[in-house]
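Colleague: Could you work out the structure for the sequence below:
(one chain, ligands or ions: 1)
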Amino acid sequence: MSDENRKALIVVDVQNDFCPGGSLAVTNGDEVVAALNALAKAFLARGEPVFKTRDWHPARTKHFAKYGGTWPIHCVQGTPGAEFHADLIDDPCITIISKGTTEGADGYSGFDGTSLARLLREKGVAEVWVGGLATDYCVKHTVLDARREGFEVKALADAMRAVNLNPNDGRQAIEEMREAGAEIVGNEKLGV
Ligand SMILES: [Zn+2]
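Modeller: The predicted structure follows:
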């Protein structure tokens, strides 16, 4: 545990509602599963921590357009849409982080109102690798908060997909991550 470069993988919101067929589907969102599974297996095999975050909203929340927010209803606690994609790796060693769990919370970041930063520090993690859904919201905010919390960050450019409400949102989010000090890496470099 004294390894100064100890790493953790954070898989952001690979849930049914964000994948094709879901209520807030990200185009090609399910394409992130294979690369993230491969990375998760490698991390687990080395005894390095893996986290899966999930949007875990109450049925009524200001996050939803119906109640004054931005988004269609998605990832309501206990519903099929909130479940992880069926092909996403499942392992008892993986820690699940629920976010956006209260009526006032957007929960874009895996660090927002969760124990993620504390758990990472307890495990002696210095660097986090982040991928998942969606590039321009929950991945971006998780990456920016990880930097704010003092972690080195590798943002997994090929293992994330964007909502792109505006066509350049994904690209812009990548730039924001880079400017915040995250290293942007593609699959080729990771060997997955
Ligand atoms: Zn949400």
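
Colleague: What is the neighbour count of the nearest residue to Ser98 once chain neighbours are set aside?
Modeller: Leaving aside its chain neighbours, Ser98 sits nearest to Trp56 (3.8 Å; criterion: C-beta to C-beta, 6 or more residues apart in numbering). Bear in mind the C-beta positions are built from the backbone N, C-alpha and C, glycine included. By the criterion of other C-beta atoms under 10 Å, Trp56 has 21 neighbours.

Colleague: low-scoring stretches of this structure, by residue?
Modeller: 1-4, 191-192 (pLDDT under 70).

Colleague: residues contacting the residue nearest to Ser98?
Modeller: Shown in contact with Trp56 (C-beta atoms under 8 Å, 6 or more residues apart in numbering): Cys75, Gln77, Ala82, Ser98, Lys99, Gly100, Thr101, Gly107.

Colleague: can you put those residues in CSV and add distance to Asn37?
Modeller: CSV is the format used below for these (distance: C-beta to C-beta, whole Å):
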residue, distance to Asn37
Cys75, 20
Gln77, 25
Ala82, 20
Ser98, 21
Lys99, 22
Gly100, 24
Thr101, 26
Gly107, 24
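
Colleague: Those, buried ones only, as a PyMOL selection?
Modeller: The following PyMOL line selects those of the contacts of Trp56 that are buried, judged by 16 or more other C-beta atoms under 10 Å:
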select buried, resi 75+82+98+99+100+101+107
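
Colleague: From the contacts of Trp56, pick the one nearest Ala134.
Modeller: Closest to Ala134 out of the contacts of Trp56 is Cys75 (12.1 Å), distances taken as C-beta to C-beta.
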